[in-house]
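Q: Here is my input, please return the structure:
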Amino acid sequence: MTRPGPLLEVAGVSVRFGALIAVNQVSLSIGHREVVAIIGPNGAGKTTLLNAVSGFYHPYEGRIAFEGRDRTHCRRRTSRPWASRARSRTSPCSRA
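A: This is a model prediction of the structure:
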């Protein structure tokens, strides 16, 4: 049996707010059934990284993949049910 790829893969992700670089070239890989923590001092970019992974912020550069599917430029979920119906089922951002 082949081992599946990582559940979440973040490769070279940077997030900028104008001239401020909040997250710079972060890479990580989280496998199935793994438990991880993101630690660091105040202002280190922990929440900004999680917001980029969740789709709330879009990375300036890099790639975010969940279950092998590129999610880098997917929009975050909306509470408007009609908005999700407009998205194509073949979109990498749609649920499989």
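Q: Next, the contact list for Val36, please.
A: The contact partners of Val36, by Cβ atoms under 8 Å, 6 or more residues apart in numbering, come to 28, 30. Placement of C-beta: from N, CA and C, glycine included.
Q: again, only using 7 Å
A: Residues in contact with Val36, defined by Cβ atoms under 7 Å, 6 or more residues apart in numbering, are Ile30.
Q: For Leu20, see how far away it is.
A: Separation of Val36 from Leu20 (Cβ to Cβ, to the nearest Å): 26 Å.
Q: Equivalent analysis for Ser29, please.
A: For Ser29, the distance to Leu20 equals 27 Å [Cβ to Cβ].
Q: what about these two, which has more around it?
A: Taking neighbours as other Cβ atoms under 10 Å, Ser29 and Leu20 compare with Ser29 leading, 14 against 7.
Q: How about the more buried one, nearest residue that isn't a chain neighbour?
A: Among residues not flanking Ser29 along the chain, Pro6 sits closest, at 4.4 Å (Cβ to Cβ, 6 or more residues apart in numbering).
Q: What is the burial count for that neighbour?
A: Using other Cβ under 10 Å, Pro6 has 16 neighbouring residues.
Q: Might you report the residue contacts of Ala22?
A: Neighbouring residues of Ala22 by Cβ under 7 Å, 6+ apart: 15-16, 45, 48.
Q: This completes my enquiry, with thanks.
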